[in-house]
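>>> generate coordinates for the sequence data below:
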Amino acid sequence: MDQSVAIQETLAEGEYCIIAVQGVLCEGDSRQSRLLGLIRYRLEHGGQEHALFLYTHRRMAITGDDVSLDQIVPVSRDFTLEEVSPGGELYVLGSDVTVQLDTAELNLIFHLPFGSHTRMFLQEVARACPGFDPATPDPEFQWLSRYRCTQQEPPLPCWNSASGIRIGGGGSHFDDLRPNGKGLLVDQSSRGQDKPENLLTRQTKSKSEITDMVRSSTITVSDKAHILTMQKFGLRDTIVKSRLVQKEEDYTYIQNFRFFVGTYNVNGQSPKECLQPWLSHGIQAPDVYCVGFQELDLSKEAFFFHDTPKEEEWFKAVSESLHPDAKYAKVKLIRLVGIMLLLYVKEEHAAHISEVGAETVGTGIMGRMGNKGGVAIRFQFHNTSICVVNSHLAAHTEEYERRNQDYKDICSRMQFCQVDPSLPPLTISKHDVILWLGDLNYRIEELDVEKVKKLIEEKDFQTLYAYDQLKTQVAAKAVFEGFTEGELTFQPTYKYDTGSDEWDTSEKCRAPAWCDRILWKGKNITQLSYQSHMALKTSDHKPVSSVFDIGVRVVKEELYRKTLEEIVRSLDKMENANIPSVSLSKREFHFQNVKYMQLRVESFTIHNGQVPCQFEFINKPDEESYCKQWLNANPSKGFLLPDAAMDIELQVFVNKTTATKLSSGEDKIEDILVLHLDRGKDYFLSVSGNYLPSCFGTPIHTLCYMRDPVSDLSLETVRELTLMPLGIEDDGSHLEKPMKIPKELWIMVDYLYRNAVQQEDLFQQPGLRLEFEHIRDCLDTGMIDTLSNSPTSNHSVAEALLLFLESLPEPVICYSAYHNCLECSGNYTASKQVISTLPTFHKNVFHYLMEFLQELLKNSAKNHLDENILASIFGSLLLRNPAGHQKLEMVEKKKAQEFIHQFLCNSP
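Below is the predicted model of the structure:
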């Protein structure tokens, strides 16, 4: 996911995060995760300066609250960022890219994730480096002065002076620069490959070069991965690459490769037994291993995005259990909390692996928690694109709709950046072969436990399979449309007593189910086996494996050269073609009655003329983005061959960032998009509409003065109340008497108090999106009876409450009290004094919520909540960092949680 969005929330006006990448800072034996953001600042005279901002962060940086500024490195004349090639065995193929950052007074080593996004990051940093012209003034970096520590502002994160980082100073002079010291090291071997004619020269790589080859994606020049992803190219080259892909069948042939795909929910356990019975017994040595785990770590620390030692434990266990008849290279490891995916290939295939990318999608509560969700690795193998997805979907028998929603969220949100910035991100569906594995959690329904066990004992799996939820949902085309699953000839893989083959004997006595599944989609795929492995007893699940023969397109060199020559000759005849032009099916778009967090989509079609063209939505003058925050075009750029057409979606989505200004009238659903054709003209698209104000994104004191539902008020009244100053309650005689707390908050809390105080996993399991929309509409229209009488999930109401608190423009504990709260953490008396100084409405809401959470804790034996969980969840919502300030270190975030913890453990 794009973590630059989280960084952007922390920046001041005029500062823009171009790109961000997650890496590891290596200092001696220490390894610390860092988020690196390349920040651009536009100077008043028209120039620009850049700096690298280094952040500590949660595993998934989604908002500004998830990152804390640690260090700043100005991109000055003496700044270099060079990729270094550490020695090592082929085993580290596809592992992290090691880069060295140098200035006159600083030396840092980072490991950056292998893949196209890191390449894009390094390219952007190279572009940001100042030129060599000694006549050009040295960057001064005056805009960074606000980040320096001063004695008057001790709470703010410090400029890291201990590392010798400085602002300005001029850096070293031109004559003092080291050879190749400015910017990135350039891959000299790739020079001259931008012209299509140079693609005719095929390179042969030795084994010693394989690691560098894969990292730089200069594999064989004739494979599709290389064709589509060479660095910045012109229109002619784009046409060549596109037509080569179109004519792929003319110069490739199908060759089968053996794939092993395995999935194992390990229930938070460490490896206790050899994994060879699962990974290598009774099979030929696979060409490719795809191995996935779920519930790697069930600790509270892992749940809240902390690292886990079990990643290394299970990685080592897998590596030691691969087939002994072959040598394997690890291509990639990706993990989201307890969901981990490993990819290995045989050593001899390493030269044909390219464009490795990895992404994660969390589908837990508020779409942030990574206890549920998916991870994926995509790569090119010869000329075939492959995507492997490992997912852990929502639990419990009755929650099949939530599982369906998790699947759809993973499909829509999993996007892989491409090296060529003119190409849109790749989604899962845009691959030739898709392998989907994991604990999908679909259960067996309509049969009691004893009936299920009887059918298993009789090995009547066909009858049992008729009641399988995944089978039912696939048949209804609710999920996995177009996917195939092999016949289930093994008994259900869940749930067993740990350490045995006995079914669950706990108090809950879970019914057996085929939770752990492997599906596939694509052509030329033959499943050779699909089985469980009863010999492994570490977990309450049994591991599952499937072996495939997958037909991969391999280039036939002579035919490739012939095809390329034909394409180049045909292009020579088009050199004097006309200026490109397109026709648009629609240019005006109206979004009526846009609601909070409800995606609205309008589409149009671009029809190309007789000249190939590249198109892109471009920024309007003095604007940082091509559209407003609530708007998005998908794709925002692309390429069209003659007479081709492409559908473009315009998406409107109002969230906590944009809702308040839309309600107050400071912003409107109005924008103009500029669609630019390379070497052609610009087309203007008009976007208009109206936003229906909601209680979500509305200030607390405003809601207290809204005695009527927000939908019953005039837009002018909503605007006036939304813009009303926070302290107005001190002199509100001219207004209607306010309520003590927002009625919408009372409705949600009252619902949960009456229905959910004993609900297991409350505030830890996400709700359904459709139910959230129903809850929002009930709150905004005042239809309380509709909410109470509808079959709404407790989890949906709980998540709506969290989203409500997150959407408040001024948090429950006002920004002005934030630092006092941190200082009082651990002193309950002083903490109560700080709360007493809050504005009346905010103080009322805080006490009301604390009383409700204490009621939940009285039922902890049933709902499994404790003070630490609630303090972690509500701490970041009630007590948020002041807007516009840099984010604090994790130790200070823990102080915020401790502040809330005090009120949960003490009576009012």
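
>>> how much space between Ser663 and Thr722?
Here Ser663 is placed at a distance of 5 Å from Thr722 (C-beta to C-beta, to the nearest Å). The C-beta positions use only the backbone N, C-alpha and C, and glycine is treated the same way.

>>> equivalent analysis for Thr103, please.
47 Å.

>>> residues near Glu851, how many?
14 (other C-beta atoms under 10 Å).

>>> same check, this time on Glu359
Count around Glu359 with other C-beta under 10 Å applied: 25.

>>> would you check that it makes contact with Met414?
Yes - Glu359 lies in contact with Met414 (C-beta atoms under 8 Å); the separation is 5.5 Å.

>>> what sits in contact with each of the two?
Overlap of the contact sets of Glu359 and Met414 (by C-beta atoms under 8 Å, 6 or more residues apart in numbering) consists of Ala376.

>>> what residues sit buried inside stretch 269-289?
By neighbour count on 16 or more other C-beta atoms under 10 Å, the buried set for stretch 269-289 is 269, 271, 275, 277-280, 285-289.

>>> what segments of the stretch 1-150 of the chain are helices?
Ranges of helices within the stretch 1-150 of the chain are 4-8, 116-128, based on DSSP state H, counting those that start in this stretch.

>>> on contacts alone, who are the packing partners of the longest one?
For helix 116-128, the contact count by 3 or more C-beta pairs under 8 Å, 6 or more residues apart in numbering; DSSP states H and E identifies strand 15-27, strand 30-42, strand 80-84, strand 106-112, strand 353-362 as packing neighbours.

>>> deepest-packed of these, please.
Counting by mean count of other C-beta atoms under 10 Å, strand 353-362 has the highest mean neighbour count of the helices and strands packed on helix 116-128, with a mean of 25.

>>> ok so, going back, could I get the helices of the stretch 1-150 of the chain in JSON lines, plus columns for mean pLDDT, distance to Ser539 and mean neighbour count?
Shown next, in JSON lines, are these (pLDDT from 0 to 100; distance: least, C-beta to C-beta, whole Å; neighbours: other C-beta atoms under 10 Å):
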{"stretch": "helix 4-8", "mean pLDDT": "83", "distance to Ser539": "34", "mean neighbour count": "21"}
{"stretch": "helix 116-128", "mean pLDDT": "81", "distance to Ser539": "33", "mean neighbour count": "20"}
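
>>> and Arg880, which of the ones you listed is closest to it?
Across the helices of the stretch 1-150 of the chain, Arg880 has its closest neighbour in helix 4-8 (13.8 Å, C-beta to C-beta).

>>> what does that closest one rub up against?
With C-beta under 8 Å, 6+ apart as the test, helix 4-8 has contacts from 16-20, 35, 37, 39, 53, 55, 57, 61-64, 66-67.

>>> now the helices of the stretch 1-150 of the chain as TSV including distance to Lys408?
Shown next, in TSV, are the helices of the stretch 1-150 of the chain (distance: least, C-beta to C-beta, whole Å):
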stretch	distance to Lys408
helix 4-8	22
helix 116-128	24
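
>>> so which of those gets nearest Thr98?
With C-beta to C-beta as the measure, helix 116-128 is the member of the helices of the stretch 1-150 of the chain nearest Thr98 (10.9 Å).

>>> measure how the closest one sits relative to strand 353-362, angle-wise.
Counting by axes from the mean of the first three to the mean of the last three C-alpha atoms, to 10 degrees, helix 116-128 lies at 100 degrees to strand 353-362.

>>> tell me how far helix 116-128 is from the chain's mean position?
19 Å (C-alpha atoms, centre = their mean, to the nearest Å).

>>> got it, and stretch 547-556?
Worked out by C-alpha atoms, centre = their mean, stretch 547-556 lies 30 Å from the chain centre.

>>> so where's the stretch 101-250 of the chain shaky on pLDDT?
Applying pLDDT under 70 to the stretch 101-250 of the chain flags the ranges 114-116, 131-136, 149-238.

>>> quick check: phi and psi at Ile869.
Note on Ile869: its backbone torsions stand at phi -60, psi -50 [degrees, to the nearest 10].

>>> burial of it, as a residue count?
Around Ile869 there are 20 other residues, counting by other C-beta under 10 Å.

>>> what stretches of the stretch 751-900 of the chain score poorly on pLDDT?
Under the criterion pLDDT under 70, the flagged ranges of the stretch 751-900 of the chain are 883-891.

>>> all helices for it, in order.
For the stretch 751-900 of the chain, the helices defined by DSSP H, counting those that start in this stretch cover 769-781, 784-789, 794-807, 818-824, 828-836, 840-857, 860-863, 867-878, 890-905.

>>> tell me the angle the fifth one makes with helix 840-857.
If I follow you right, that is helix 828-836. Using the same axes, to 10 degrees: helix 828-836 against helix 840-857 is 130 degrees.

>>> got the CA positions of helix 828-836 in PDB?
In PDB, the C-alpha atoms belonging to helix 828-836 read as follows (Å, rounded to 0.1, in the frame of the first residue of the first chain):
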ATOM      1  CA  TYR A 828      -4.100   9.300  38.200                       C
ATOM      2  CA  THR A 829      -4.800  12.400  40.300                       C
ATOM      3  CA  ALA A 830      -3.000  14.700  37.900                       C
ATOM      4  CA  SER A 831      -4.700  13.000  34.900                       C
ATOM      5  CA  LYS A 832      -8.200  13.600  36.300                       C
ATOM      6  CA  GLN A 833      -7.200  17.200  36.700                       C
ATOM      7  CA  VAL A 834      -6.300  17.500  33.000                       C
ATOM      8  CA  ILE A 835      -9.700  15.900  32.000                       C
ATOM      9  CA  SER A 836     -11.500  18.400  34.300                       C
END
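
>>> in it, what counts as buried?
So helix 828-836, judged by 16+ other C-beta under 10 Å, has buried residues 831, 834-835.

>>> list the contacts of that helix.
Outside helix 828-836, the residues within contact range by C-beta under 8 Å, 6+ apart are 813, 817, 820-821, 823-825, 843, 846-847, 899, 902-903, 906.

>>> how about Asp643, nearest residue that isn't a chain neighbour?
Counting by C-beta to C-beta, 6 or more residues apart in numbering, Asp643 lies nearest to Asn608, which is 6.4 Å off, once chain neighbours are set aside.

>>> poorly predicted segments of the stretch 451-600 of the chain, please.
572-578.

>>> again, only this time at 80
Within the stretch 451-600 of the chain, the segments meeting pLDDT under 80 span 568-579.

>>> sorry, back to before: for the residue nearest to Asp643, grab the count of nearby residues.
By other C-beta under 10 Å, the residues close to Asn608 number 21.
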